[in-house]
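Enquirer: Just a sequence and a predicted model for now, questions to come.
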Amino acid sequence: MAKGDERILYITTGYRLVELNAKNGKPIDSFGDHGIIDKKVGVVTGVPGQPGKYQPIDLNTGEIGLHSTPTMVEDVVIVGSSMKEGFQPTTQNNTKGLVRASDVTTGKLLWTFHNVPMKGEFGYDSWQNSSADFNGNAGTWTNVTVDAELGNVYLPIEDPTNDVYGGSRRGNDLFGDSLVCVELHTGKMKWYYQLVHHPIWNMDVTSPPILADIVIDGKPVKAVAVPSKQSFLYVFDRETGKPVWPMIEKPLPQSDVPGEKTSKTQPFPTKPAAYARNYIRTEDLIDFTPELHAKALEVLSHFKVGPNFTPPVLSKVGGPLATLSLDNSANGTNWEGGAYDPETHTIFLPAGNSSAVVHGLVVPPRDTRMQGTLPARPTSHSRSRAGRARVWPPMHRRSVSTRPNWRRFSPRPAPSPRARLPCARPLMACLSSNRLMAPLRPSTWIRVNSGGKWPMATHRTRSRTIRHSRALSFHGQARAARANLACL
């Protein structure tokens with residue numbers, strides 16, 4: 001744009017890209033249709049029974065939007081997509097996620113990247129039985145990141161439909177739960193890395209990728225780092241997509257849910273270590289008294305627990321009621337994202353640390369448009385239907401700092417003595433609660449790096465998972481911890 005040509009771009013709740021004159025607020029007539037582009041135009045779903053055929057969504061009722069901001073670099077504006085939360089779609093054939101770039105002066109469409117590949121595109125064959133045509137979601141709902149110098153755009157992509165069952169989309173399902181790098185001006189894919197194969201754990205790539213110039217073994221590396229719900233920080237060379245440290249494909253427990261076929265392996269970073277707890281261990285259960293610990297073990301016995309990527313189960317009255325895990329919607333790093341300090345070479349990340357999530361499945365009613373099985377009351381509220389005892393000691397969200405020029409990992413500090421005090425309320429009061437979490441201590445606190453800005457504040461009654469916009473102290477809300485990695 002010409003010097004002095006100041007404009008404002010934003011996305012409406014109806015998924016329209018609007019461009020205004022920044023000085024007088026009037027729409028820019030030369031942009032799109034008198035200052036507006038209806039981004040629902042060009043969005044599609046599949047045509048049932050007709051592989052390779054697609055139909056446009058209804059411009060009034062079609063499901064798509066965006067709750068992050070457009071990204072503008074040079075003369076290009078980039079817009080992602082979001083759909084109804086993956087636990088809630090009414091059909092597998094939901095709206096297909098995509099990312100599009102337009103000329104910022106005229107609104108002309110420059111390129112489109114289909115997060116669910118269309119027939120003939122790379123990645124389509126990773127969906128068995130042409131299932132890419134009849135599944136949706138896989139949006140880019142968080143902000144994209146751009147390296148203008150390299151001309152790269154980094155797209156974080158969520159789960160395909162739906163979040164906890166993939167029987168209708170066997171295969172790895174690219175580009176679900178992937179980081180994809182495309183060329184800024186053409187949208188041509190340069191590289192990708194799938195963080196979760198055949199996603200069924202709600203492990204969306206939730207955060208804007210972080211650009212960091214670091215030094216590894218004495219050599220400079222242009223890196224891109226991705227925080228995650230599973231509390232791993234995935235670090236790649238942002239030019240080539242090669243992991244900075246080796247990724248290990250580990251074999252994992254397989255699903256026994258009818259119709260489901262989980263991936264035999266999942267990628268695990270060798271460095272850095274997980275920056276928060278990401279699976280349930282019996283040693284993490286509440287142990288204020290022997291009676292409480294025994295009750296916690298009894299509650300846990302009604303659920304399936306295991307290592308990272310333990311799949312959901314078919315819920316049964318006699319047990320297991322569901323899979324109980326930590327490495328998904330309520331843990332690790334979610335919407336808040338992270339920040340990088342180039343002076344100290346430190347990445348600051350919020351970390352959910354003990355909000356258990358229940359994933360159980362039931363067979364859907366015959367009249368549903370969902371294929372296979374449906375979530376049975378999936379929740380991030382740490383509730384137990386098997387018993388009414390709290391089972392976790394008081395550790396909630398914490399802030400974590402890590403240094404990308406890593407040599408070794410300093411163990412996480414042990415919980416403070418204050419956090420291990422017996423329950424302040426009577427024993428029976430604790431047992432009568434329907435929350436899994438232990439009551440939090442007064443005067444505990446969370447500390448965020450002073451420059452960090454968080455896009456939202458969330459309060460959950462009693463368990464009080466907190467996301468706040470600045471560094472403050474709170475009563476009974478969260479505890480801070482730091483995990484430091486030595487600089488080379």
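Expert: Sure, I can see it.

Enquirer: Could I get the contacting residues of residue 175?
Expert: When the contact criterion is Cβ atoms under 8 Å, 6 or more residues apart in numbering, the partners of residue 175 are 115, 116, 117, 123, 138, 155, 157, 192, 194. From N, CA and C alone the C-beta is placed, and that goes for glycine too.

Enquirer: which residues touch residue 182?
Expert: Shown in contact with residue 182 (Cβ under 8 Å, 6+ apart): 99, 111, 113, 152, 153, 155, 188, 189, 190.

Enquirer: Out of those residues, flag the one nearest to residue 130.
Expert: The nearest member of those to residue 130, counting by Cβ to Cβ, is residue 113 at 20.2 Å.

Enquirer: Not counting its neighbours along the chain, what's nearest that closest one?
Expert: Leaving aside its chain neighbours, residue 113 sits nearest to residue 99 (4.6 Å; criterion: Cβ to Cβ, 6 or more residues apart in numbering).

Enquirer: Helix, strand, or coil at the one you found?
Expert: Secondary structure state of residue 99, per DSSP: H, G, I helix; E, B strand; the rest coil, is strand.

Enquirer: Relative to residue 133, how far out is it?
Expert: For residue 99, the distance to residue 133 equals 19 Å [Cβ to Cβ, to the nearest Å].

Enquirer: re earlier: which of the contacts of residue 182 has the largest number of neighbours?
Expert: Neighbour counts for the contacts of residue 182 were taken using other Cβ atoms under 10 Å; the highest belongs to residue 153, which has 27 neighbours.

Enquirer: So it: helix, strand or coil?
Expert: The local conformation at residue 153, judged by three-state DSSP, is strand.

Enquirer: In which helix or strand does residue 351 reside?
Expert: Element membership of residue 351, judged by DSSP states H and E, is strand 346-351.

Enquirer: who does the following helix or strand past that strand touch, helix- and strand-wise?
Expert: Following the chain from strand 346-351 toward its C-terminal end, the next helix or strand by DSSP H and E is strand 357-362. Taking 3 or more Cβ pairs under 8 Å, 6 or more residues apart in numbering; DSSP states H and E as the contact definition, the neighbouring helices and strands of strand 357-362 are strand 313-314, strand 323-325, strand 374-375.

Enquirer: Give the rounded mean pLDDT of the last one.
Expert: Spelled out, it's strand 374-375. Over the span of strand 374-375, the pLDDT mean works out to 59.

Enquirer: Show me what counts as buried in the longest helix along the chain.
Expert: In the chain, taking DSSP state H as the definition, the longest helix is helix 290-300. Burial within helix 290-300, assessed by neighbour count using 16 or more other Cβ atoms under 10 Å, is assigned to 292, 293, 295, 296, 299, 300.

Enquirer: quick one: the third one from residue 321, how far?
Expert: Look at residue 295 and residue 321: by Cβ to Cβ, they are 16 Å apart.
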